[in-house]
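**Q** Pasting the sequence and the predicted coordinates here, then a few questions.
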Amino acid sequence: MDHQLLCCEVEAIRRAHRDHNLINDRVLRAMLRAEETCAPSVSYFKCVQRDIVPSMRKIVATWMLEVCEEQKCEEEVFPLAMNYLDRFLSLEPLKKSRLQLLGATCMFVASKMKETVPLTAEKLCIYTDHSVRPEELLQMEMILVNKLKWNLAAMTPHDFIEHFLTKMPEAEENKQVIRKHAQTFVALCATDAKFISNPPSMVAAGSLVAAVQGLNLGSPNEFLTCYRLTHFFSRVIKCDPVSGGPGKDCLRACQEQIEALLEASLRQAQQNMDPKASEEEEEQEEETELACTPTDVRDVDI
């Protein structure tokens with residue numbers, strides 16, 4: 001009896017190569033002008049939404065990020081989906097029971113914009129534990145794109161990272177590591193409502209500076225020092241006082257926010273992995289605080 005060996009190889013999804021002709025100052029200037037046209041309102045929690053609060057946004061954003069990571073989506077999909085979500089919430093009041101539906105719809109549309117093979121409605125409904133039906137998602141898609149006036153090509157921090165990296169006089173192998181870390185910071189920023197007010201270019205610049213600092217690539221005599229990078233990027237994104245901007249302190253503040261967010265995320269991840277260790281750490285902190293209490297506010301028995 002003849003036996004046939006069938007080899008079923010799954011062809012990898014083909015991604016488009018970066019077009020280096022688009023990485024130039026003229027394109028960057030156009031992007032800096034365009035980023036404000038697709039910016040959400042920072043005050044929608046107070047002015048528009050009654051049921052939705054920042055903690056709910058955090059929960060649905062974390063879920064969206066997990067879906068995008070598990071589906072190995074392009075890096076741009078998640079930040080673009082969050083841009084859609086924030087812009088929609090800036091315009092239309094939403095019941096909290098429909099927030100996951102909106103999140104799934106934003107991923108659905110963003111993947112169509114950025115993916116070679118976009119996410120399907122059926123697959124996204126599975127991730128909602130079937131609390132959303134495909135027809136509901138498709139109906140919400142029409143509501144979303146109409147509310148956004150079909151203006152779906154929004155700028156995200158990822159669009160600026162490559163432009164900024166090309167301006168940095170650094171070895172290509174270092175740039176690859178910096179890029180990966182900066183992309184992680186961008187995704188973290190998209191989950192936190194504090195960064196809604198920051199333009200995508202500033203988040204990208206702050207993420208790159210934070211990545212370089214975290215990787216310890218700089219030295220006092222090199223370009224990659226915190227001060228030099230912050231000053232350099234503040235001039236690139238036109239936020240320096242010479243250009244009529246608020247100054248490099250805003251960029252520095254954004255970078256510090258990113259570093260604080262990363263520290264909080266790592267602490268939260270550690271607590272989730274080892275709850276007992278986190279409790280012991282909290283007890284040690286309380287004991288340390290007590291030990292550091294000045295003697296003039298404690299009863300001292302001699």
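**A** Now that the structure is in, tell me what you want to look at.
**Q** hey, let's count contacts and neighbours off CA atoms from now on
**A** Will do.
**Q** Contacts only, for Thr191.
**A** Listed by Cα atoms under 8 Å, 6 or more residues apart in numbering, the contact partners of Thr191 are 57-58, 61-62, 82.
**Q** do the same with Met31
**A** Shown in contact with Met31 (Cα under 8 Å, 6+ apart): Met155.
**Q** What segments of this protein are helices?
**A** 25-34, 44-47, 54-70, 77-91, 99-114, 121-127, 134-147, 157-166, 172-191, 200-215, 226-236, 248-273, 275-291 (DSSP state H).
**Q** do you know which of those helices lies nearest Arg18?
**A** helix 157-166 (9.3 Å; Cα to Cα).
**Q** so where is the stretch 101-250 of the chain shaky, pLDDT-wise?
**A** Along the stretch 101-250 of the chain, segments meeting pLDDT under 70 span 170-171, 217-227, 238-248.
**Q** Using a markdown table, lay out the helices of the chain together with distance to Arg18.
**A** Output for the helices of the chain, formatted as a markdown table (distance: least, Cα to Cα, whole Å):
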| stretch | distance to Arg18 |
| --- | --- |
| helix 25-34 | 14 |
| helix 44-47 | 35 |
| helix 54-70 | 21 |
| helix 77-91 | 16 |
| helix 99-114 | 13 |
| helix 121-127 | 28 |
| helix 134-147 | 27 |
| helix 157-166 | 9 |
| helix 172-191 | 14 |
| helix 200-215 | 18 |
| helix 226-236 | 21 |
| helix 248-273 | 27 |
| helix 275-291 | 43 |
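**Q** coming back round to it: save the contacts of Thr191 as CSV, and put in pLDDT, distance to Ala193 and neighbour count too.
**A** Below are the contacts of Thr191 laid out as CSV (pLDDT from 0 to 100; distance: Cα to Cα, whole Å; neighbours: other Cα atoms under 10 Å):
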residue, pLDDT, distance to Ala193, neighbour count
Arg57, 94, 7, 21
Lys58, 94, 7, 15
Ala61, 96, 10, 25
Thr62, 95, 12, 17
Met82, 96, 10, 25
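**Q** What is the nearest of the residues you listed to Ser234?
**A** Of the contacts of Thr191, the one sitting nearest to Ser234 (Cα to Cα) turns out to be Met82, at 24.9 Å.
**Q** and the gap between that closest one and Ile52?
**A** Separation of Met82 from Ile52 (Cα to Cα, to the nearest Å): 15 Å.
**Q** buried ones in stretch 66-73?
**A** By neighbour count on 16 or more other Cα atoms under 10 Å, the buried set for stretch 66-73 is 67-68, 73.
**Q** which of those residues lies closest to Gln270?
**A** Nearest to Gln270 among the buried residues of stretch 66-73, with distances taken as Cα to Cα, is Val67, at 21.2 Å.
**Q** what's around the nearest residue in space to that closest one that is not next to it in sequence, how many residues?
**A** What sits nearest to Val67 in space, not counting adjacent residues and going by Cα to Cα, 6 or more residues apart in numbering, is Tyr127, at 7.4 Å. Neighbours of Tyr127 under the rule other Cα atoms under 10 Å: 15.
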